[in-house]
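Trainee: Predicted model and sequence follow; I will ask about them next.
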Amino acid sequence: MKNLILIRHAKSSWEAPLKDFDRPLMKRGILDAHCVSGAISKFLPKTYTIWSSTAARALETAIIFAQNLSYPLESILFKDELYTFDERHLEKVIKSCDNSLESVILFGHNEAITNFVNKFGDVFIENVPTSGFVSLQFDSESWNTIDKGKTQKTIFPKDLK
C-alpha cells in the first residue's frame, strides 16, 4: 500500500508586488493552516515523509503543519519541481518517489492538486480549497505503478468552522 496526502497551500496574499513564487500567506491562510493541521492527526499514517514546493506560500504552509504535528522541520524535503500547476508534472514527481516510502504528505498548488485527486481518487472534488487536505490510498507496492486509488478522507477549512 502507498498513502499520499495532498495539501494545497494556505491562502496567500496578492497585496505586495511580488513574483508569484514569492507570495506569502495572508492572515486567513495562517489561521486556516493551523485549523486544518490541528484536525488531521487521527487520519495520518504512523510514519510519513513531508514534501513541499519551494514557493513561499507552500513552504510556509508545510512549516505550520509540521510544527503542529511535531514533525522535525529539518526533515521536510523542499522540492523545486513541486512548484507546478500541471497534474501531469505532479504525477511524474510522485511516481518518481522512492519505494521505501510508504506514505508521503505533499504540499503544492492548484490546478495540479485538484486535477490529480480527480484522476487518481474515487471521489470527484470540484476544487481542493486552500489548506485543503485529501488523503489517497493506492493498492500498489511501487509509486511508479500507482493507478486509480481510494479517496480516504478530505478535510477542508469550511468543514471545521
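Mentor: Good, I have the coordinates. Residues are numbered from 1 along each chain as shown.
Trainee: make it CA atoms for all contacts and neighbour counts henceforth
Mentor: OK.
Trainee: which parts of the top helix by length along the chain are buried?
Mentor: Longest helix in the chain, counting residues (DSSP state H): helix 56-68. By neighbour count on 16 or more other CA atoms under 10 Å, the buried set for helix 56-68 is 56, 57, 58, 59, 60, 61, 62, 63, 64, 65, 66, 68.
Trainee: Not including adjacent chain positions, what is the nearest residue to the second one?
Mentor: Closest residue in space to residue 57, ignoring its immediate chain neighbours: residue 24 at 4.9 Å, by CA to CA, 6 or more residues apart in numbering.
Trainee: Could you report the neighbour count for that neighbour?
Mentor: 24 (other CA atoms under 10 Å).
Trainee: Just the pLDDT at it, thanks.
Mentor: At residue 24, the pLDDT value in this model is 96.
Trainee: That one against residue 12, yeah?
Mentor: Yes - between residue 24 and residue 12 there is a contact under CA atoms under 8 Å: 5.6 Å.
Trainee: and for the two, which residues touch both?
Mentor: When contacts are counted by CA atoms under 8 Å, 6 or more residues apart in numbering, residue 24 and residue 12 have residue 57 as shared neighbours.
Trainee: how about the helices of this structure, start to end?
Mentor: 27-37, 56-68, 87-95, 112-120.
Trainee: Just put those in a markdown table and tack on mean pLDDT and distance to residue 6.
Mentor: Below are those laid out as a markdown table (pLDDT from 0 to 100; distance: least, CA to CA, whole Å):
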| stretch | mean pLDDT | distance to residue 6 |
| --- | --- | --- |
| helix 27-37 | 97 | 13 |
| helix 56-68 | 98 | 11 |
| helix 87-95 | 97 | 11 |
| helix 112-120 | 98 | 7 |
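Trainee: and residue 104, which of those is closest to it?
Mentor: Closest to residue 104 of the helices of the chain, according to CA to CA: helix 87-95, at 9.1 Å.
Trainee: Give me the buried positions along the closest one.
Mentor: Quick answer for helix 87-95 (16+ other CA under 10 Å): 87, 89, 90, 91, 94.
Trainee: I appreciate the help and will end here.
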